[in-house]
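# here is a sequence together with a model predicted from it:
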Amino acid sequence: MTQDTGTADGADVTDRTSTADGADVMDEAGRDLVCVAGDGVELAVRDYGGAGTAVLLLHGAGRTLADWARVAPLLAAGHRVLAMDLRGHGRSGDGAMPWTFEVAVADVAAVLAACGAPEAVVVGHSMGGMVAALCLERLAGTPAAVNLDGHGMGRPEQYVGLEPSYVRERLAEVRQFAEEAGGRTFEADALEGVLAYETGMGAELGIPPELMAAGVHRALAETADGRLFRRPGRRPAREMQAAMAGIDLFALYRRVSRPLLIARALRPNPPVPGVPPWVDELMAAYVEGLRRDLAELARTRPGVRVAGVDGTHAMVLERPAEVADLVAGFVAGAVGPGTGGARPGPGA
């Protein structure tokens with residue numbers, strides 16, 4: 001059974017605490033909800049409860065809200081915590097509109113209004129961090145934002161020691177590979193191999209296998225002929241790549257006037273089988289350019305704080321306590337204590 005709990009401002013939120021067959025879908029740390037975007041697309045949300053300043057957690061491209069399973073309960077000790085599947089991911093719908101950052105920001109606004117937390121701090125990882133930074137500029141109620149290692153591929157001049165023309169050529173190859181990989185289908189009997197690969201990669205970083213498996217299962221979708229794929233599908237995946245290629249993050253950072261925390265990974269990602277050797281050279285040059293440019297940004301923009309996390313790009317999964325402490329400390333300094341739309345936690 002689902003219960004419609006529309007809010008005072010007219011936004012719609014459905015509390016899916018149980019299904020038609022009576023199966024409970026609330027896990028031990030959160031309640032699953034569905035909010036409706038302005039164009040009617042259903043957006044999956046997990047409400048972890050808690051009291052204090054509200055925070056909304058956004059995952060990266062190709063990921064889901066399951067990535068926050070270890071961070072969210074830590075934050076809920078002192079905050080109202082929500083997480084959502086971005087449009088085209090997890091259990092959120094695709095919609096007819098192209099995937100753009102403008103649409104993603106509007107979806108965030110719809111979720112926060114529906115959940116009674118329009119003044120939440122928006123915290124995002126990877127692509128979700130880019131959305132969070134844009135919310136800071138475009139949503140009047142967002143008091144502060146956190147971007148956890150959401151740097152995209154940057155600009156050619158950020159690749160220290162490499163010719164811009166060479167970087168452009170290589171980045172075109174990287175984006176083509178990403179576009180081809182998005183929405184790629186596989187037979188159902190290959191799922192076991194996909195899970196083994198994901199959990200094996202996670203094991204190298206100390207990530208529990210059940211957490212990696214939960215992310216895969218939440219992202220799975222099926223084609224009409226029974227093949228599986230991990231969302232986003234081919235169309236939205238290509239649109240996301242175009243959106244990330246078209247954003248100038250440092251120009252955005254220089255425009256924002258409210259507190260922004262930008263975190264970067266201090267450890268390189270583990271090697272990925274089959275990746276060309278020039279990718280490591282490219283990424284090393286970009287990491288050096290990011291380090292330089294973020295340091296300059298922190299020196300010249302008083303509202304921007306830059307921090308490092310002792311982990312890889314998978315920091316949310318790999319270093320949950322460090323990430324939670326970093327976010328909580330920033331929120332306390334930037335916003336201070338507040339109600340932020342408090343709701344008792346599950347079981348309260």
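Received the coordinates, thanks. Residues are numbered from 1 along each chain as shown.

# which residues of the stretch 151-300 of the chain fall in strands?
For the stretch 151-300 of the chain, the strands defined by DSSP state E, counting those that start in this stretch occupy 185-186, 220-222, 228-230, 260-265.

# what mean pLDDT does stretch 117-129 get?
For stretch 117-129, the mean per-residue pLDDT is 98.

# which residue is nearest the middle of the chain?
residue 59 (1.8 Å; CA atoms, centre = their mean).

# tell me if residue 147 really is in a strand.
Yes. Judged by DSSP: H, G, I helix; E, B strand; the rest coil, residue 147 forms part of a strand.

# contacting residues for the residue lying closest to it once chain neighbours are set aside?
Leaving aside its chain neighbours, residue 147 sits nearest to residue 129 (3.3 Å; criterion: CB to CB, 6 or more residues apart in numbering). All C-beta atoms are positioned from the backbone trio N, CA, C, and that covers glycine. Contacts for residue 129 were tallied using CB atoms under 8 Å, 6 or more residues apart in numbering; they are 58, 60, 146-150, 262.

# roughly how far does residue 129 sit from residue 225?
36 Å (CB to CB, to the nearest Å).

# and the longest helix for the protein?
In the chain, taking DSSP state H as the definition, the longest helix is helix 278-300.

# orientation of that one relative to strand 260-265 in degrees?
150 degrees (axes from the mean of the first three to the mean of the last three CA atoms, to 10 degrees).

# pLDDT of the helix or strand that comes right after helix 278-300, averaged?
Next helix or strand after helix 278-300 toward the C-terminus (DSSP states H and E): strand 304-309. The predicted model assigns strand 304-309 a mean pLDDT of 98.

# between strand 304-309 and the one helix or strand the residue nearest to residue 147 maps to, find me the angle.
Secondary structure from DSSP H and E places residue 129 in helix 127-138. On the basis of the same axes, to 10 degrees, helix 127-138 is oriented at 170 degrees to strand 304-309.

# list the buried ones in helix 127-138?
127-137 (16 or more other CB atoms under 10 Å).

# partner strands of the strand ranked longest in the chain and their direction?
Criterion DSSP state E: the longest strand present in the chain is strand 42-49. Here strand 42-49 is paired, per DSSP bridges, with strand 31-36 (antiparallel), strand 80-84 (antiparallel).

# need those strands in CSV (columns: distance to residue 52).
Formatted as CSV, these follow (distance: least, CB to CB, whole Å):
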stretch, distance to residue 52
strand 31-36, 18
strand 80-84, 6
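
# so which of the ones you listed comes closest to residue 299?
The minimum distance between residue 299 and these falls on strand 80-84, with 32.3 Å, by CB to CB.

# average model confidence for that closest one?
The model assigns strand 80-84 a mean pLDDT of 98.

# now find how far off-centre it is within its chain.
12 Å (CA atoms, centre = their mean, to the nearest Å).

# I would like the residues contacting it, please.
With CB under 8 Å, 6+ apart as the test, strand 80-84 has contacts from 30, 35, 43-59, 65, 68, 72, 75, 92, 107-108, 111-112, 115, 117, 120, 339-343.

# go through the very next helix or strand once past that strand and flag the buried ones.
Using DSSP H and E, the helix or strand that follows strand 80-84 in sequence is helix 101-114. For helix 101-114, burial by neighbour count (16+ other CB under 10 Å) applies to 101, 103-114.

# tell me the angle helix 101-114 makes with strand 80-84.
Using the same axes, to 10 degrees: helix 101-114 against strand 80-84 is 140 degrees.

# the inter-axis angle of the helix or strand following helix 101-114 versus helix 127-138?
Using DSSP H and E, the helix or strand that follows helix 101-114 in sequence is strand 121-125. Angle of strand 121-125 versus helix 127-138, following the same axes, to 10 degrees, is 150 degrees.

# follow-up on the earlier one: buried ones in the longest strand of the chain?
Those would be 42-49, for strand 42-49 by 16+ other CB under 10 Å.

# stretch 247-255 too?
249-250, 252-253.

# so how far is it from its chain's centroid?
18 Å.

# can I get that stretch in CSV? Just the C-alpha atoms.
Output of stretch 247-255 as CSV, limited to C-alpha atoms (Å, rounded to 0.1, in the frame of the first residue of the first chain):
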residue,chain,number,x,y,z
ILE,A,247,30.0,22.9,-18.1
ASP,A,248,32.8,25.3,-16.9
LEU,A,249,33.0,24.4,-13.3
PHE,A,250,35.7,27.0,-12.3
ALA,A,251,33.7,29.8,-13.9
LEU,A,252,30.7,28.6,-11.7
TYR,A,253,32.9,28.4,-8.6
ARG,A,254,34.0,32.0,-9.2
ARG,A,255,30.3,33.2,-9.4
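
# which residues sit against it?
So stretch 247-255 is in contact with 101, 130, 133-134, 137, 150-152, 154-155, 260, 262, 293, 297, 301, 304, going by CB under 8 Å, 6+ apart.

# nearest to residue 196, of those?
Nearest member of the contacts of stretch 247-255 to residue 196, counting by CB to CB, is residue 150, at 28.3 Å.
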